[in-house]
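In: Quick one: sequence and predicted model below, then my questions.
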Amino acid sequence: MVDYVLRRLLYTIPSLLGIVVVCFFLTRLSGDPTDLFLPIDASEEARDAFRVQYGLDKPLMEQFVAFFYKALQGDFGNSLRFGEPAISLLAERLGATIQLALATLFIAVGVGIPAGIVSAYYRNSLLDVAVRSLAAFGQAVPTFYWGVLCILIFSVWLKWLPTGGSGGLVHLILPATTLASTLVALLARVMRSTMLDVMRQDFVRTARAKGLGEFTVVMRHVARNAFIPVLTVIALQFGVLMGGVIVTETVFSWPGVGRLVIQAIYARDYPVVQAVVFFFALIFVLSNLLADILSAVLDPRVRYK
Amino acid sequence: MNATATCGTSAGVDRHEEILSIKQLRTTLGSRPGGVTVVDGVDLSVRRGKTLGIVGESGCGKSMLSLSVMGLVPPPCRVEGRIEFSGRNLLDLSPAEMRRIRGNRIAMIFQEPMTSLNPVLTVGFQIVEAMRAHDRKSSYEVLRRRAIEALVQVRMPAAERRFDEYPHQLSGGMRQRAAIAMALSCKPEVLIADEPTTALDVTVQAEILDLLRDLQQETNMAIVLITHDLGVVAQVADEVAVMYAGRIAEKATCDALFADPQHPYTLGLLGSIPRMDQAATRLLAIDGVVPPVASMPPGCRFHPRCVFSGQECTRHRPELTAVADGHAVACLKAPIEEGQS
Amino acid sequence: MTVAPVFMPARRHRRLGSLMRHLRSPVAVTSLIVVGLALGATLAPGLLAPHDPAEQSLLARLAPPSFLGGPEGHFLGTDQLGRDILSRIIYGARATLLISIAAVVISCSIGTTVGLVAGYNGGRTDALVLRLIDMQLAFPVILLVIAVVAVVGSSVLTLIVVLGISGWPQFARIVRAAVISVREMEYVEAARAIGAPAMRVIFRHIGPNVLSATIVFATYELSRMILIEATLSFLGLGIQPPTPTWGGMISEGQKYISLAWAASVFPGIAIASTILAINMLGDVLRDALDPRLSGEDGR
C-alpha cells in the first residue's frame, strides 16, 4: 500500500512539472511579456525597469528556474490591478468556490449514483429509459445554458430564488444545481454501465445463493464494486468541473476563484491568471491522485499489489 | 463410500429419507413467445446423506436445473413443475420464504472459485454475511467464531488468519474451500455443487472431492453434484442422472450406470473417459455438438448424433422407462446389447 | 496480404449495409436533419436567414417571438438592438461549426500520426508518447484553452489551433492500441521478414477497424468542441462581436433576461439540439461500425 502511494506520488511529478512549464510559457506566448504586464503606452524606460525588476533580462532558463522556485512557494507576483499578491486574492475567493464545489459534488453524487443504480437494476424499464434520456440530454446542454434557464425559471418567472450573488443557502441552490447538472448526467451514465458489468459477475450470484436480500446484494455486492471505477471518472471530470466553475460563477456572480480569473483575464491581470491556472491544475492533479489512492483503499486487489 | 454400504440397513431408512424431489420441472428462459426451454420435464430426487451426480455436456441444462432449485434463474424466466423440499413445493413459496431457505437449508457452490467470491470483501466477512442473513440474533463475535470453525472444518490452512484475507490472496483450492465453508456455514440439508472442481488442478480436485465426502459423513447432508466429468461422478456419487439437451437421458445408481450403461449418449460419454481398470475394447466417440436450445430436433433430441438411431427416433419422444430396479433410460432402442451398432 | 483483397470489400459492404440500416431509425433521421440544418446554416446562411443578422431596428427591440404575439417577420423575436434572433442563430452556426470541425480535423490528424508512429515503433518512442499523453490528460483542457486564449487573444485561427492541439491524446491512444494489436501478428512479421513495407501492411489491416473507431470518437469529440467553443464565446473569450455566436448571444441575452427571455433561450436550444443530435449520431455510428464499443453505452 505504502509502495503504491509512493509510486503514484512519483507519477505526479512530471504532471506538476508540466503545469509549471505551461504557466511559465503562458505569459511568454505573445513574445514580449512587458506588453502584457505594462500599459500599452508604457515608455521604453519603464519597460526596461520592469525587465530588470522581474529578471526578464536574464536567460530564459534562469528565468524559468526562478519562476519555478517562486511558484512552489505560491509566489506569482502582485496583482497588476490591486497591487496585492495574486495568491492572497486567490485565497480570499477560495472559500466561496469550495462551498460551491462541495455542494455540487453532494448533489451530483447524491442524485447521479442512485439514478445509475436504479437505471441499471431496472434495465430497459421505463425508468431506465427515462434516466438514460435525461442523462443524454443533460450532457448535451452546456452548463452556462442550464444556469441561464435556471435563472429564467426560478428567479425571473417563479421568483423563488435570487438571480445571483452570495449569502445564505438560497444563493447556493441554483449555482450548485447548475454546476451539478452535467456531472449528474455523466455519473448516472457511468454508474449504470459499470453496474451492468458487475451484475454479470459470478460473485453476485453467490451473494444471492447465500440468501441475502436483493437490496443487500445490489448495494453491498454490486454498487460498492461498481463505484470504484466511477471514482476515477469523477476525478477525471474535475477538469471539466473547473471549466464549469468558471462559467457558473460568472452566470451567478458567485464571488469565487472562477469569477476572479475571468475578471483578471478581462483586466489583463496576468499574475492572477497564472496563479489561478496553476492552482486549478494543481487541484486537478491532486484530485486524480486522491482518487487513485481512494480506489486502492476500496479495492484490496490494488492495495496488496 | 461408507454411505453406499449403510444403504438398506434398518437405521438407514430414516437417515436416508428423500429430502429434495424434483417433478416435471420445466424452465424457460426469456419472455413468453420467444422463450427457450432449457430444462424440459426433469424428474429427480435426492436423499439425505447421499450424493446425486448430474452429468452432461455444457449447455445441457444442468446448471439451469440447479439455479431453478435455488430460485435464481435470471429473469425473465418461467419455472414450472414441482420442487419438493421437506414437504413443500419451493415454486409456491414467496420470495421472502425462498430467501430463508436459500443459503440456509439449501446451499450452493459454483464452478469458478476465482470469480464466485467478491474481490473487495474479506473471506471472513463473506462467510459471516451468509450466516447473518439467516441469524439476526447472534453477536458478531459468535458468528466470527463459527466462521472460523467452518474454515477449520473445510481444512483451510491457517484458518484464523484467512478470515481477514481477501480472495485474491488465496490459491484456487483455498478459494473453493472458502466457498464451501460459506455454503456450509448455515449447516444446509442440501448442497448443490455446480462443477466444484472443474477449475482446479487434478490433485486439488481430489482433495476437494474428499472434503465434500467427509463433510457429508459428518453432517448427513444431501449433495447434488453437477459435472461434465464422469470420473468425478464415479468417485463420489451414489446415484447418477445423465442429462442431454434439457432432459434426463439415463438415471441409475452409480454402480449400475458404469457397469451397464444403456443410453447411447451415456455410452458415448463413457467412451470418452480413459479407463484404467479395463482394456479399451472400443471407443465410442460422439460426433457433433449439443444442438442449440432454440432449434431442438423433434423426437429423441439425441438422434442426429446417435449411431443407433432409426426412423422412430425422429418421431417419438422417448420417455424415461425402467430397465432394471432403480435404472431408467429414455431411449427407444434400449436396451442396447454389447456389439450392436 | 493475399487474403485482404478478397475479404475487405465484403466486410466494407457489410459495414455500410449495417450503417444504412441504423441510419433509418427515427432518432437517426431526426439527428441527421438537425445536423444537416446546422451544416446548411454554416455553408449558406444567407439562403436560410430571413434578415441580415446585423440589421438593427430600434423600434422593435427585445420583441417576443412572432408566434407569441411579437411583430411579424421576427419568428423568434429580436434582441436588445432589435436584431432578428433567428437570423443571428443561423449566422452564428458558422463560427461554432467551422472552429469545431477544423479543431477535430487537426486533433484527429495529429493524434492519428502520433499514434501510428508510437504504436509502430514501440520502445522509447512509444514510452515518450505515452508520457506526453498522460501529461496532457493531467491538464484540464478547458483551463488550458482559457489560459491560452486569455493571453494570445481570440481569433478564429487561435481557437482552431488551441482546440485542435488540446484533443490529440485520445485519438493517439485509439490508433496506438489498434496498431499494437496488429503489429505482433504473424502476417505483419512475415511481411517484414520478406522486406515488404510493414507500414503498408499495417494500414491495410488496421485500416477498417481503426477508421471506424476514429470516426465514432471524432463524432463525440465534435460535440465536445462545440460545447467548449460555446462556453468560450459565452465567457467573452471566443469570437468577438459583432460576429454572432451562439454562446455570445446567450451571454448578451442574459443581461436582459427579466425583460425578454427569447434572446437567451433560443440560441441555447440551437446549441443543445446540435450537440444532442451529434451525440445521437455518434451512438448510431458506434452501434453500426464498431459493435465492440457498444457494450453498454460505456464511452
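Out: Arrived safely, thanks for sending. This structure is a prediction, so every number in the text was calculated from the model and none was measured.

In: What sits closest to residue 174 if chain neighbours are left out?
Out: Here I'm looking at chain A. A:C150 (4.8 Å; C-beta to C-beta, 6 or more residues apart in numbering or on different chains). The way it works is simple: take the backbone N, C-alpha and C, and place the C-beta from them, glycine included.

In: was after chain C, sorry
Out: Spatial nearest neighbour of C:I174, excluding adjacent residues (C-beta to C-beta, 6+ apart): C:A213 at 5.2 Å.

In: same deal with A:V261?
Out: Closest residue to A:V261 apart from its sequence neighbours, by C-beta to C-beta, 6+ apart: A:V276 at 4.1 Å.

In: OK, contacts around that neighbour?
Out: By C-beta atoms under 8 Å, 6 or more residues apart in numbering or on different chains, A:V276 lies in contact with A:90, A:257, A:260-261, A:264.

In: What segments of the stretch 51-200 of chain C are helices?
Out: Using DSSP state H, counting those that start in this stretch, the helices found in the stretch 51-200 of chain C span residues C:85-121, C:123-137, C:141-152, C:156-166, C:168-183, C:186-193, C:198-234.

In: Any stretches of chain B with poor pLDDT?
Out: Scanning chain B for pLDDT under 70 picks out the ranges B:1-14, B:32, B:272-288, B:334-341.

In: give me the residue from it nearest chain A.
Out: Nearest to chain A, among the residues of chain B, is B:G103, at 3.2 Å (C-beta to the nearest C-beta).

In: so that residue touches B:K187, yeah?
Out: No: judged on C-beta atoms under 8 Å, B:G103 makes no contact with B:K187 at a distance of 11.3 Å.

In: Where does the residue nearest to A:V261 fall, secondary structure wise?
Out: Element membership for A:V276, per DSSP states H and E: helix A:270-298.

In: got the buried residues for that helix?
Out: For helix A:270-298, a neighbour-count test (16 or more other C-beta atoms under 10 Å in any protein chain shown) marks A:270-285, A:287-289, A:291-293, A:295-296 as buried.

In: Between helix C:141-152 and that helix, find me the angle.
Out: Counting by axes from the mean of the first three to the mean of the last three C-alpha atoms, to 10 degrees, helix A:270-298 lies at 170 degrees to helix C:141-152.

In: re earlier: return the residues in contact with the residue of chain B closest to chain A.
Out: Residues counted as contacts of B:G103 (C-beta under 8 Å, 6+ apart) are A:209-212, B:130, B:133-134, B:183, B:186, B:188.

In: Taking these, tell me the two that lie furthest apart.
Out: A:L212 and B:P188 (15.1 Å; C-beta to C-beta).

In: In the stretch 101-250 of chain A, mark out all the helices, start to finish.
Out: Using DSSP H, counting those that start in this stretch, helices in the stretch 101-250 of chain A cover A:126-140, A:143-150, A:169-199, A:202-209, A:214-216, A:224-251.

In: which residue sits closest to the residue most central in space within chain C, ignoring its sequence neighbours?
Out: Nearest to the mean C-alpha position of chain C, counting by C-alpha atoms, centre = their mean, stands C:L222 at 1.2 Å. The spatially closest residue to C:L222, leaving aside those adjacent along the chain, is C:V104, at 5.0 Å (C-beta to C-beta, 6+ apart).

In: could you list every residue that touches that neighbour?
Out: By C-beta under 8 Å, 6+ apart, C:V104 lies in contact with C:164, C:167, C:218, C:221-222, C:225.

In: run the last query once more with 10 Å
Out: C:160, C:163-164, C:167, C:171, C:217-226 (C-beta atoms under 10 Å, 6 or more residues apart in numbering or on different chains).

In: What of B:T51?
Out: B:T51 is in contact with B:3-4, B:191, B:193, B:212-213, B:216, B:221-225, B:233, B:235-240, B:254, counting by C-beta under 10 Å, 6+ apart.

In: Recalculate using a threshold of 8 Å.
Out: Taking C-beta under 8 Å, 6+ apart, we find B:T51 in contact with B:3, B:213, B:216, B:222-225, B:236-239.
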